[in-house]
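[1] Next one to model:
(one chain, ligands or ions: 3)
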Amino acid sequence: MVRRIIPVHDLRDAVTLPPSGGARVPASGLLQDRLGRPLRDLRISVTDRCNFRCSYCMPKEVFGKDHAYLPQADLLSFEEITRLASLFVAHGVRKIRLTGGEPLLRKNIERLVERLAALRTVDGEPLDLTLTTNGSLLARKARALKDAGLRRVTVSLDGLDDTVFRSMNDVDFPVASVLEGIAAAKDAGLGPIKVNMVVKRGVNEHEIVPMARHFRGTGIVLRFIEYMDVGASNGWRMDEVLPSAEVVQRIAAQYPLAPLSPCAPGETAERWAYEDGAGEIGVISSVTHAFCRDCNRARLSTEGKVYLCLFASRGHDLRALLRGGAPDEDIASAIGQVWQGREDRYSELRASQPADTPGAPRVEMSYIGG
Ligand code: SAM
Ligand code: SF4
Ligand code: SF4
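    Ligands and ions are numbered 1, 2, ... in the order given. From the prediction side, this is the model:
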């Protein structure tokens, strides 16, 4: 395999303090950004570390042995995460996804799950609390996560062929162990389980149909993600993107599919049902079919910066407010002001630009989570 050496911009310090002047924005659950989008979904990165080196996310050339991860003291504590999460929830968040890096590497993660599971939405409902994992530690942790109040999990798996998968995770990790993790999650009741497969043309495209065949009829929802130009280290090229429309065509040629309507507004996946009743698949067309119009997601980094777009170059430092002793009302107002000022729609704009238009450097996916 030809390896490209890619310089990485460390944007972890590219940060602003949220605005402190202007009208205060108390948490009312009715927050909207400049394009009228509500805040509903919060993704919390609990670690910037990972035991995999997926070439599209943390390539070894960049995330090598001497890569400087965040020091422990910089990470938000579980108390700090829960406090911020409760303020986001007061602004209207209904769904929280724990991510990373690999979230199951964060010590005692189930203690954080317990705290978050106790939060209630503005309507008094429990949160839709979920977690995205590479599955490597799931067999060990599934039961404890369920007992702590986690509702469901999404597991990333890029193929069933062991050679292909070991090469994509680049740490020689076997498929069988991820499948064990998925089975343990199912046994523990962490469903409906979703499995995410990032498709790279020429790398794992031949795994699309075998993956569909494997998960059909199991109740597990397989979702195909277009390889994205997120971050600055994966050497992304448009010719390595296999459009979702082609994924759907390839599966439908063997197993006829019919379109389904979205479950919820702002849902990233387009859903398709097997016509023979064997369940459904999803496709996430982040490159070929931008869904910014409905984007209702904010991302909280491991060290407490809020990012409003997966392709952002800088975050807003909420940890500085937390550790500076700001009261809840001030932090809630800062979150409100940041969201009200938001007009991100990177993917829509990318679609209207020539492929090689240079943009601002972007923060890494492994740092803010997916
Ligand atoms: N380590 C966990 C995992 O892999 O599930 C959670 C973090 S990972 C950054 C979250 C999701 O982002 C995974 O499903 C992964 O496949 C996806 N992802 C990472 N880099 C990507 C890229 N360049 N394009 C599309 N999806 C990507
Ligand atoms: Fe790790 Fe997930 Fe990124 Fe793969 S996609 S390197 S498992 S954080
Ligand atoms: Fe949301 Fe940014 Fe993705 Fe558009 S590009 S859907 S604004 S995260």
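
[2] residues in contact with the spatially closest residue to residue 27 that is not a sequence neighbour?
    In space, residue 27 comes closest to residue 90 once its chain neighbours are excluded; the distance is 3.5 Å by Cβ to Cβ, 6 or more residues apart in numbering. All C-beta spots, glycine's among them, are computed from the backbone N, C-alpha and C. Residues in contact with residue 90 (Cβ atoms under 8 Å, 6 or more residues apart in numbering) are 27, 29, 122, 332.

[3] now swap in residue 324 and tell me
    Going by Cβ under 8 Å, 6+ apart, the list of residues near residue 324 is empty.

[4] Now it, what are its backbone angles?
    For residue 324, the backbone dihedrals (degrees, to the nearest 10) come out as phi -90, psi 0.

[5] Next: the one 4 residues further on.
    Main-chain dihedrals, residue 328, degrees, to the nearest 10: phi -50, psi -40.

[6] Can you tell me the closest non-neighbouring residue to residue 176?
    Per Cβ to Cβ, 6+ apart, closest to residue 176 is residue 162, 7.5 Å.

[7] And for residue 221?
    Ranked by Cβ to Cβ, 6+ apart and with sequence neighbours excluded, the top spatial neighbour of residue 221 is residue 194, at 4.8 Å.

[8] Where does the closest residue to residue 158 other than its chain neighbours fall, secondary structure wise?
    Nearest-residue entry for residue 158: residue 168, 4.8 Å, with adjacent residues in sequence omitted and distances by Cβ to Cβ, 6+ apart. Residue 168 belongs to helix 162-169 when assigned by DSSP states H and E.

[9] any idea which helix or strand comes after that helix?
    Past helix 162-169, further along toward the C-terminus, the next helix or strand under DSSP H and E is helix 175-188.

[10] tell me the mean pLDDT over that next one?
    Taken as a whole, helix 175-188 has a mean pLDDT of 98.

[11] tell me the angle of it relative to helix 162-169?
    90 degrees (axes from the mean of the first three to the mean of the last three Cα atoms, to 10 degrees).

[12] Which strands or helices does helix 175-188 pack on?
    helix 138-148, strand 152-156, helix 162-169 (3 or more Cβ pairs under 8 Å, 6 or more residues apart in numbering; DSSP states H and E).

[13] can those go into JSON lines with extra columns for mean pLDDT, mean neighbour count and distance to residue 287?
    Below are the helices and strands packed on helix 175-188 laid out as JSON lines (pLDDT from 0 to 100; neighbours: other Cβ atoms under 10 Å; distance: least, Cβ to Cβ, whole Å):
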{"stretch": "helix 138-148", "mean pLDDT": "98", "mean neighbour count": "19", "distance to residue 287": "28"}
{"stretch": "strand 152-156", "mean pLDDT": "98", "mean neighbour count": "23", "distance to residue 287": "18"}
{"stretch": "helix 162-169", "mean pLDDT": "98", "mean neighbour count": "17", "distance to residue 287": "19"}
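
[14] can you put those in JSON lines and add distance to ligand 3?
    Formatted as JSON lines, the helices and strands packed on helix 175-188 follow (distance: least, Cβ to the nearest ligand atom, whole Å):
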{"stretch": "helix 138-148", "distance to ligand 3": "26"}
{"stretch": "strand 152-156", "distance to ligand 3": "17"}
{"stretch": "helix 162-169", "distance to ligand 3": "23"}
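
[15] how about the ones you listed in CSV, adding distance to residue 289?
    As requested, the helices and strands packed on helix 175-188 are exported to CSV (distance: least, Cβ to Cβ, whole Å):
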stretch, distance to residue 289
helix 138-148, 30
strand 152-156, 20
helix 162-169, 24
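
[16] Of these, which is nearest residue 304?
    Closest to residue 304 of these is helix 138-148 (Cβ to Cβ; 22.2 Å).

[17] what's that closest one packed up against?
    helix 109-117, strand 152-156, helix 175-188.

[18] quick one, which of the ones you listed is packed in tightest?
    Most buried of the helices and strands packed on helix 138-148, by mean neighbour count (mean count of other Cβ atoms under 10 Å): strand 152-156, with a mean of 23.
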